[in-house]
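# Could you work out the structure for the sequence below:
(one chain, ligands or ions: 1)
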Amino acid sequence: MSEGAKHSGKASRTTKGCAMGRREFLRVALGSAAAAAGVPFVGQAAAAKENRPQTYREQLETPIVAHYQVVVAGGGPSGVIAAVAAARSGADTLLIERYPFLGGNGTAGLMTCYNGFRNQRPPELLQTVKGIPAEYIAELVRLGGIADDDPYPKAEHGVTAGDLPYCIGFDPEAAKVASFNLVRKEGVKLQLHSWVVGPMLDGSRVTGIIVESKSGRQGITADIVIDATGDGDIAARASAPFMKPAEKGDRMGMSLMYRIGGVPSSVKGPFGGIRIGDRVVRWGPGFGGDGLDVENLTRAEVETRLKLWEQVQAMRKKPGMESVYLMQTATGIGVRETRRILGEYVVTEEDAIKGKRFPDVVAISSNPMPSYRRKRFFLAHEGFDIPYRSLVPKKIEGLILTGRCISCEQGPFQSARSMAPAMAIGHASGCAAALSAIRKVPPRKLNVKTLQKLLISQKVELRVKV
Ligand SMILES: Cc1cc2nc3c(=O)[nH]c(=O)nc-3n(C[C@H](O)[C@H](O)[C@H](O)COP(=O)(O)OP(=O)(O)OC[C@H]3O[C@@H](n4cnc5c(N)ncnc54)[C@H](O)[C@@H]3O)c2cc1C
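Now for the predicted structure:
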């Protein structure tokens, strides 16, 4: 028996002989009620029973430490491009991120394939995502950060020539570096390790953000804030109306992405994931429920990580696979779907399916809807327009949305949430925020033709002449 096989045997014996199996561990770690019935395990019910106070009134005097013309909250694919676009368009810009690196679900979530630069199937002649996202990919190419193989069938296009195919697999560490390089080159001020805990408000106008970090609680004022948190955290806390995902049906679940190393050279192709040499990023165990509920998220992490460990040990027992090992898991489970904010226009399923064009187009999504009525639904056109109005939340001023929380129904969400369209939307939101801040015009009243001109001057594909 090889070393690898011996190791696997030991691991499974330990699990068997151990008094505390996975269910038992969950019961102890999360509370028996939680594990058994999926109900809250910490909280108000217990407090009420024991007559403890139900609320705590906080009195906070928060120091305001800085002012920027544009503050971008969230450094995922959309936020990074938004910050670069805002700075390039002349705004003094700050990018805030809770993690110690940029890239969002592409790096922290280990989802290492940027999908949706063009339709996956014919018609796919139009590259719908260009501009700063294409510059970002060029930086990844320069760093040698493009993957060897991925599982998505697609037509050939030359990544290195800048003619981007449907999707691009990448090395997550190179993506972190490429993101840093882009924001530094553009003069974006960066603040990592900082949770945005809410907006600063003057009535219904967002005037800045409150962040919590090791430096304490700080206020940062801004002419315009871009909500790039993916979950629409700032918009929701500013009391912007939003659509919740469906409880069942098409709601997209969570998955824990992981990377294995030591894949033998005898195993050819992407091996179900995104491959670089002997390393493959794969989709791990899934979990349902609400991606905004911290108890559900805690359960999801524990459940999927325990399950994944067992899955990889089982893989190692297969003949010829002894060298495989669990190299890395995502920083956090990948949450696909949470809030979609109600904006001045809600992009509909019909818009996506029919390939609707809008006079106020600021980005295009050509990605399929990956689980539309349980099937991968390919668009039968080059892409549908994302109108500027779907980036502007109803009722709240001083705020622009970007990324997967923009205003759309679930079908178009499935398409535009992919990282290439999310970057294109970021480009639009960054330019819009800069124009708003510099010209002192509220986002709702911005002249869209001026915005489109600016985007086209930055090589964005809009299919319109202005
Ligand atoms: C399992 C899974 C598989 C997927 N597969 C693919 C795929 O194959 N290809 C593809 O293109 N897309 C895929 N997606 C979708 C895609 O990854 C996301 O929709 C996309 O990353 C959205 O970009 P974003 O910038 O809007 O949000 P995110 O990538 O979520 O970035 C948001 C950023 O904001 C930060 N943030 C959030 N809240 C706060 C806060 N309060 N304070 C400070 N920072 C905050 C986060 O840390 C993060 O960096 C997948 C998603 C999942 C979960």
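
# which residues of the protein fall in helices?
Counting by DSSP state H, the chain has helices at residues 3-17, 22-30, 32-37, 44-49, 77-88, 131-142, 172-185, 233-237, 294-316, 349-354, 410-416, 419-439, 448-457.

# Buried deepest among the ones you listed, which one?
For these, average neighbour numbers computed from mean count of other CB atoms under 10 Å are highest in helix 77-88, which has a mean of 32. Yep, even glycine has a C-beta here, placed from its N, CA and C like the rest.

# So it, near the ligand or not?
Yes: Helix 77-88 comes into contact with the ligand (CB under 6 Å from any ligand atom), by way of 77, 78, 79.

# Nearest to the ligand among those residues?
Lowest distance from the ligand to the residues of helix 77-88 next to the ligand (CB to the nearest ligand atom) belongs to residue 78, with 3.4 Å.

# show me the contacts for the closest residue to that closest one other than its chain neighbours.
Using CB to CB, 6 or more residues apart in numbering and skipping residues adjacent in sequence, the residue nearest residue 78 is residue 403, 3.2 Å away. For residue 403, the contact set (CB atoms under 8 Å, 6 or more residues apart in numbering) comprises 74, 76, 77, 78, 79, 228, 230, 417, 422, 425, 426.

# For the residue of the stretch 251-400 of the chain found nearest the ligand, list each beta-bridge partner.
The stretch 251-400 of the chain approaches the ligand most closely through residue 334 (2.8 Å), counting by CB to the nearest ligand atom. Beta-bridge partners for residue 334, by DSSP bridges, are residue 255.

# Let me know how buried it is, in neighbour terms.
For residue 334, the neighbour count with other CB atoms under 10 Å is 24.

# Quick check, it in contact with residue 253.
No: counting by CB atoms under 8 Å, residue 334 stays clear of residue 253, with 9.5 Å between them.

# Return the residues of this protein in contact with the ligand.
Residues of the chain lying close to the ligand by CB under 6 Å from any ligand atom are 73-79, 96-99, 104-106, 108-109, 111, 113-116, 195-196, 228-231, 233, 255, 257, 334-336, 403-404, 417-419, 422.

# residues touching the closest residue to the ligand within the stretch 101-250 of the chain, list them.
Among all residues of the stretch 101-250 of the chain, residue 104 sits closest to the ligand, at 2.5 Å; criterion: CB to the nearest ligand atom. Under the criterion of CB under 8 Å, 6+ apart, the neighbours of residue 104 are 74, 75, 76, 77, 78, 79, 80, 230.

# repeat that for 6 Å
Residues near residue 104 by CB atoms under 6 Å, 6 or more residues apart in numbering: 76, 77.

# Could you find the closest non-adjacent residue to the residue minimising distance to the centre of the chain?
Central residue of the chain (CA atoms, centre = their mean): residue 105, 4.3 Å from the mean position. Once flanking residues are discounted, residue 105 sits nearest to residue 111: 5.0 Å by CB to CB, 6+ apart.

# Report the residue spans of this structure with pLDDT below the cut-off.
The chain contains residues with pLDDT under 70 at 1-49, 246-249.

# can you list the domains in it?
Using automatic domain parsing, the domain parsing of the chain gives 64-245+338-457, 253-335.

# For these, state which one has the densest average packing.
Among the domains of the chain, ranked by average contacts under mean count of other CB under 10 Å, first place goes to domain 64-245+338-457 (a mean of 22).

# can you give me the offset of it from its chain's centre?
Relative to its parent chain, domain 64-245+338-457 has a centroid offset of 9 Å by CA atoms, centre = their mean, to the nearest Å.

# how long is it from one end to the other?
End-to-end distance of domain 64-245+338-457 (CA to CA, to the nearest Å): 36 Å.

# next one: stretch 259-277
12 Å.

# what's in contact with that stretch?
Identification of contacts with stretch 259-277 by CB under 6 Å, 6+ apart yields 112-113, 147-151, 169, 171, 278-282, 323-325, 327-328.

# cool, stretch 235-252 as well?
By CB under 6 Å, 6+ apart, the surrounding residues in contact with stretch 235-252 are 198-199, 206, 227, 232, 336-337, 339-342, 393-394, 396, 410.

# Would you mind writing the CA trace of it as CSV?
Written as CSV, here are the backbone C-alpha positions of stretch 235-252 (Å, rounded to 0.1, in the frame of the first residue of the first chain):
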residue,chain,number,x,y,z
ALA,A,235,-28.5,50.0,-0.4
ALA,A,236,-30.4,47.7,2.0
ARG,A,237,-29.1,49.5,5.1
ALA,A,238,-30.1,52.8,3.5
SER,A,239,-33.6,51.3,3.3
ALA,A,240,-33.6,51.0,-0.5
PRO,A,241,-36.4,48.7,-1.6
PHE,A,242,-35.1,45.3,-2.9
MET,A,243,-36.3,42.0,-4.4
LYS,A,244,-35.5,39.0,-2.3
PRO,A,245,-34.5,35.8,-4.2
ALA,A,246,-37.2,33.2,-4.5
GLU,A,247,-37.3,30.8,-1.6
LYS,A,248,-37.4,27.8,-3.9
GLY,A,249,-37.4,27.2,-7.6
ASP,A,250,-34.7,29.0,-9.6
ARG,A,251,-32.9,30.4,-6.5
MET,A,252,-29.2,29.6,-7.0
